[in-house]
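Undergrad: no letters, just coordinates:
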């Protein structure tokens with residue numbers, strides 16, 4: 001109290017403290033996949049110790065463990081961070097450091113792998129014909145499998161038809177196909193997340209096969225009012241798919257005499273001309289898809305009468 005009897009104001013003092021650095025090592029850094037978000041990792045850590053109420057900034061850095069792009073850095077004052085725009089099913093090296101000014105503690109690091117995703121398309125290497133009307137297909141694993149490949153679906157289409165099968169392998173032989181037929185083949189891969197897009201198509205053509213050894217229903221009939229002709233028809237050769245079949249027609253008179261001949265066609269009928277009127281001919285038909293013919297299937301036919 002002063003001499004005048006007034007109360008003196010209290011004395012004040014200002015102190016300055018140095019902002020403390022965090023403890024040099026962070027603890028419990030975890031980088032975990034985000035389910036069904038294959039481009040993300042969720043990173044969390046325990047708070048830096050020894051900083052009181054000082055604001056702590058955390059620096060998060062990441063890079064793929066294997067060679068490639070995808071490195072980055074982020075900052076936060078919270079205790080977690082979601083890294084985005086990553087590659088699916090890829091392991092990243094993730095580090096966290098803390099700072100209360102511009103100097104950061106040593107990095108505390110861990111590895112984390114992103115979740116699976118649907119795979120990219122495979123690449124078909126070859127579609128080759130194999131015996132017994134088959135095609136052997138081989139393909140490469142997708143450049144970006146995006147997870148563990150569980151199986152492949154092979155689809156083949158032809159003439160407006162489609163069929164498919166599933167295999168865990170990188171090769172497959174399709175069987176019981178049509179001979180001499182071109183098939184378009186695609187392959188797509190699957191992970192636990194489902195199927196990815198189809199590969200680009202590749203075509204293959206099955207081998208030629210010989211016809212069934214015996215033709216059926218060969219008929220040689222007279223042509224009314226055309227006494228020099230016989231009309232011959234037959235059912236198509238079986239078991240040849242889309243192979244081009246050439247039919248060989250041979251004829252000769254049953255009784256001795258001239259008039260034998262041979263003709264070829266790819267149709268299912270043929271008119272023999274320049275024959276003798278009212279004459280019985282022995283007519284045979286054979287089929288081939290190359291140079292070897294089936295055994296002849298034969299019948300007899302007689303030309304029409306003539307007025308002379």
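TA: All right, it came through fine. Please read these numbers as outputs of a predicted model, since none were measured by experiment.
Undergrad: in stretch 194-201, which residues are buried?
TA: Residues 196, 199 are the ones in stretch 194-201 that count as buried (16 or more other C-beta atoms under 10 Å). Placement of C-beta: from N, CA and C, glycine included.
Undergrad: just the terminal-to-terminal distance for that stretch.
TA: With C-alpha to C-alpha, to the nearest Å as the measure, stretch 194-201 spans 20 Å from end to end.
Undergrad: now that stretch: mean pLDDT?
TA: On average, the pLDDT along stretch 194-201 is 98.
Undergrad: can you tell me what sits against that stretch?
TA: Stretch 194-201 is contacted by residues 118-124, 139, 142, 146, 153, 155, 184-190 when judged by C-beta atoms under 8 Å, 6 or more residues apart in numbering.
Undergrad: and those residues, which of them are buried?
TA: Listed as buried from the contacts of stretch 194-201 are 118-122, 124, 139, 142, 146, 155, 185-190; burial here means 16+ other C-beta under 10 Å.
Undergrad: mind picking the two most distant members of the residues you listed?
TA: Using C-beta to C-beta, the two most remote members of the buried ones among the contacts of stretch 194-201 are 146 and 185, lying 22.8 Å apart.
Undergrad: hmm, back to that, name the nearest of the buried ones among the contacts of stretch 194-201 relative to residue 218.
TA: Nearest to residue 218, judged by C-beta to C-beta, of these is residue 185 at 39.0 Å.
Undergrad: which residues touch the closest one?
TA: Counting by C-beta under 8 Å, 6+ apart, residue 185 has contacts 124, 127, 135, 137, 154-156, 201-204.
Undergrad: look up how far residue 241 lies from it.
TA: Remark: distance between residue 185 and residue 241 (C-beta to C-beta, to the nearest Å) = 17 Å.
Undergrad: cool, residue 115 as well?
TA: Distance, residue 115 to residue 241, by C-beta to C-beta: 47 Å.
Undergrad: who has more neighbours out of the two?
TA: residue 115 (21 against 16; other C-beta atoms under 10 Å).
Undergrad: quick one, what contacts the more buried one?
TA: So residue 115 contacts 33-38, 40, 88-89 (C-beta under 8 Å, 6+ apart).
Undergrad: who wins on neighbours among those residues?
TA: residue 88 (23 neighbours).
Undergrad: is it in contact with residue 38, as I believe?
TA: Yes - using C-beta atoms under 8 Å, residue 88 is in contact with residue 38, at 3.6 Å.
Undergrad: tell me the pLDDT of the residue nearest the centre of the chain.
TA: In the chain, the C-alpha nearest the mean C-alpha coordinate belongs to residue 187, at 1.6 Å (C-alpha atoms, centre = their mean). Here, the pLDDT recorded for residue 187 equals 98.
Undergrad: related to what we said a few turns ago, for the contacts of residue 115, give me a markdown table that also has distance to residue 249.
TA: Formatted as a markdown table, the contacts of residue 115 follow (distance: C-beta to C-beta, whole Å):
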| residue | distance to residue 249 |
| --- | --- |
| 33 | 73 |
| 34 | 75 |
| 35 | 73 |
| 36 | 69 |
| 37 | 72 |
| 38 | 67 |
| 40 | 75 |
| 88 | 66 |
| 89 | 66 |
